[in-house]
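K.L.:
return a 3D structure for these sequence lines:
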Amino acid sequence: MKKLLTILLSAIMAVACCFGLTACGDDDDTGVDVKIGLICLHDNNSTYDKNFIDAFTAACSATGAKSIIKTNIPESNACYETAADLVDQGCDLIFANSFGHEPYMIQAAEEFTDVQFFHATGTKAHTQNLNNYHNAFASIYEGRYLAGVAAGLKLQAMVAAEQISADKYESGNIKLGYVGAFPYAEVVSGYTSWFLGVRSVVSNVVMKVQYTSSWYDENGEKTAAENLINNEKVALLSQHADSWGAPTACETAGIPNVSYNGSTASRCPNTFIISSRINWQPYYEHIINSFKNGNAVAADWSQGLGSNWGDGAVALTEVGAAAAEGTEAYLNNVISQLKAGTLKVFDTDKFTVDGQKVTTYLADVDDMGDYVGETEVIKTEGGITYFAESEFRSAPYFDLRIDGITELN
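P.N.:
This is a model prediction of the structure:
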């Protein structure tokens, strides 16, 4: 009788899958329905939010999960209210994508204990000790470094072709520009890893960073880029900013550009080199399938490069038309070194702070609001001493200001 019931249940499940009545897929045969909500700071006009939305849509399609997307939710109590509304609509899992959403997501997690809450870029999951609240990020500093390597190859080609004028040098060093949102560890980690990637190819570089004090401000980002191009006379530019402002300023001025969170080749065909991004689809699929199968999810989740450019948590876009010849092959070699551990992005032999090598550093990993470092993050592995970014929590905590980089504001 038990065997007959099993056969009948299998037949019912097969029919249900054919008619889309339940979630079916290679990673799940439980028949458990899942509804997941996504809270976004902005919408598809922001490259940052579009990257989340595209991955979310793809993951829900792949897993059969039902989904609700809420856009333009500010970093205020509106986030809590949106989370509560998603609970009322039957969401089992709720994900928010912006740093300032965290306190409101924690508030919701404390109240709605039967729902699982997930937050990107947050810092508090491992200290809150809530079994329904989780942080996630990726080792994006690896992607930033690789994008910097591509920029360095472009710079090298420009030097060889005598395309860099004298006003783009400072004390013998070529000037780079970077448009950043805020002077937070996430941004500092990103621009430092990018700079180190450039410097691995072209050693005589310095960089100017212009902050916009906003995650998304197209006019502000464009103005910052124009200042770096016209007043600071940078030869090449990158950014941690979420609009088309900086890339289009580069296209107008003919300045090579490395973007973030997606390709800008469609509007910037003459200046786009490459872009790195966090690929959120693996994480979405992980939390959806974990819920279906009754498996716990870690408080902090962070992964890096996959087997190919686009399938890991850290991904690269296609190489743009502005890139130097041989960029893809060169990057593949660097990727192999990163995966093997023979190359560390924040190798302490590759940078100094105030003229000194960093031999010890207590980082503020346990974010208690006191801005006091408590975790030793300088490690030695395989004969390499390095700053161990993303090894103690998912969100970045690299906040050293290394020599060669100047924050303008």
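
K.L.:
hey, what's the residue nearest to T360 when sequence neighbours are not counted bridged with?
P.N.:
Setting aside the residues directly before and after it, T360 is nearest to I378 in space (Cβ to Cβ, 6 or more residues apart in numbering), at 5.4 Å. For the C-beta atoms, the positions are set from N, CA and C on the backbone; glycine is no exception. Under DSSP bridges, the beta-bridge partners of I378 are F387.

K.L.:
just checking, I378 touches E389?
P.N.:
No - no contact is recorded between I378 and E389 when judged using Cβ atoms under 8 Å, the distance being 11.1 Å.

K.L.:
those two: which has the busier surroundings?
P.N.:
Taking other Cβ atoms under 10 Å, I378 and E389 do not tie; E389 has more neighbours (23 against 16).

K.L.:
what sits against the residue lying closest to that one once chain neighbours are set aside?
P.N.:
Distance criterion Cβ to Cβ, 6+ apart; nearest residue to E389, sequence neighbours excluded, is F398 at 5.0 Å. By Cβ atoms under 8 Å, 6 or more residues apart in numbering, the contact set of F398 is 141, 185, 188-189, 192-193, 346, 363, 387, 389.

K.L.:
ok, now V201?
P.N.:
Neighbouring residues of V201 by Cβ under 8 Å, 6+ apart: 149, 152-153, 155-156.

K.L.:
generate a PyMOL selection restricted to the buried subset of these.
P.N.:
Buried members of these can be picked out in PyMOL with the line below, counting by 16 or more other Cβ atoms under 10 Å:
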select buried, resi 149+152+153+155
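
K.L.:
from the contacts of V201, which land in helices?
P.N.:
149, 152-153, 155-156 (DSSP state H).

K.L.:
coming back round to it: roughly how far apart are the residue nearest to E389 and V365?
P.N.:
According to Cβ to Cβ, to the nearest Å, F398 and V365 sit 11 Å apart.

K.L.:
which segments of this structure make up each domain?
P.N.:
Per automatic domain parsing, the domain ranges recorded for the chain read 2-137+280-302, 140-279+309-342+403-407.

K.L.:
how about those domains in JSON lines, adding distance to R393 and mean pLDDT?
P.N.:
Conversion of the domains of the chain to JSON lines gives the following (distance: least, Cβ to Cβ, whole Å; pLDDT from 0 to 100):
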{"stretch": "domain 2-137+280-302", "distance to R393": "5", "mean pLDDT": "85"}
{"stretch": "domain 140-279+309-342+403-407", "distance to R393": "11", "mean pLDDT": "96"}
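
K.L.:
does N332 sit in a helix or strand, and which one?
P.N.:
In this structure, N332 is located in helix 327-340 according to DSSP states H and E.

K.L.:
need the CA coordinates for that helix. PDB is fine.
P.N.:
Written as PDB, here are the backbone C-alpha positions of helix 327-340 (Å, rounded to 0.1, in the frame of the first residue of the first chain):
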ATOM      1  CA  THR A 327      42.700  41.600 -22.400                       C
ATOM      2  CA  GLU A 328      40.500  38.500 -22.100                       C
ATOM      3  CA  ALA A 329      43.400  36.100 -22.200                       C
ATOM      4  CA  TYR A 330      45.400  38.100 -19.700                       C
ATOM      5  CA  LEU A 331      42.400  38.200 -17.300                       C
ATOM      6  CA  ASN A 332      41.900  34.500 -17.600                       C
ATOM      7  CA  ASN A 333      45.500  34.000 -16.300                       C
ATOM      8  CA  VAL A 334      44.900  36.400 -13.400                       C
ATOM      9  CA  ILE A 335      41.600  34.600 -12.600                       C
ATOM     10  CA  SER A 336      43.400  31.300 -12.400                       C
ATOM     11  CA  GLN A 337      45.900  32.800  -9.900                       C
ATOM     12  CA  LEU A 338      43.100  34.200  -7.700                       C
ATOM     13  CA  LYS A 339      41.300  30.800  -7.700                       C
ATOM     14  CA  ALA A 340      44.500  29.000  -6.800                       C
END
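
K.L.:
name the strands paired with the next helix or strand after that helix and say parallel or antiparallel.
P.N.:
Moving toward the C-terminus from helix 327-340, the first helix or strand encountered (DSSP H and E) is strand 362-363. Next to strand 362-363 in the sheet, as set by DSSP bridges, lie strand 375-376 (antiparallel).

K.L.:
would you mind writing the CA trace of stretch 311-325 as PDB?
P.N.:
In PDB, the C-alpha atoms belonging to stretch 311-325 read as follows (Å, rounded to 0.1, in the frame of the first residue of the first chain):
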ATOM      1  CA  ASP A 311      28.300  32.000 -13.300                       C
ATOM      2  CA  GLY A 312      29.900  32.800 -10.000                       C
ATOM      3  CA  ALA A 313      28.800  35.300  -7.300                       C
ATOM      4  CA  VAL A 314      31.500  37.600  -8.800                       C
ATOM      5  CA  ALA A 315      31.100  38.100 -12.500                       C
ATOM      6  CA  LEU A 316      32.600  40.100 -15.300                       C
ATOM      7  CA  THR A 317      30.900  41.400 -18.400                       C
ATOM      8  CA  GLU A 318      32.200  41.000 -21.900                       C
ATOM      9  CA  VAL A 319      35.300  42.900 -22.800                       C
ATOM     10  CA  GLY A 320      34.400  46.200 -24.500                       C
ATOM     11  CA  ALA A 321      35.600  47.600 -27.800                       C
ATOM     12  CA  ALA A 322      37.800  50.100 -25.900                       C
ATOM     13  CA  ALA A 323      39.800  47.400 -24.100                       C
ATOM     14  CA  ALA A 324      43.400  46.600 -25.100                       C
ATOM     15  CA  GLU A 325      44.100  43.700 -27.400                       C
END
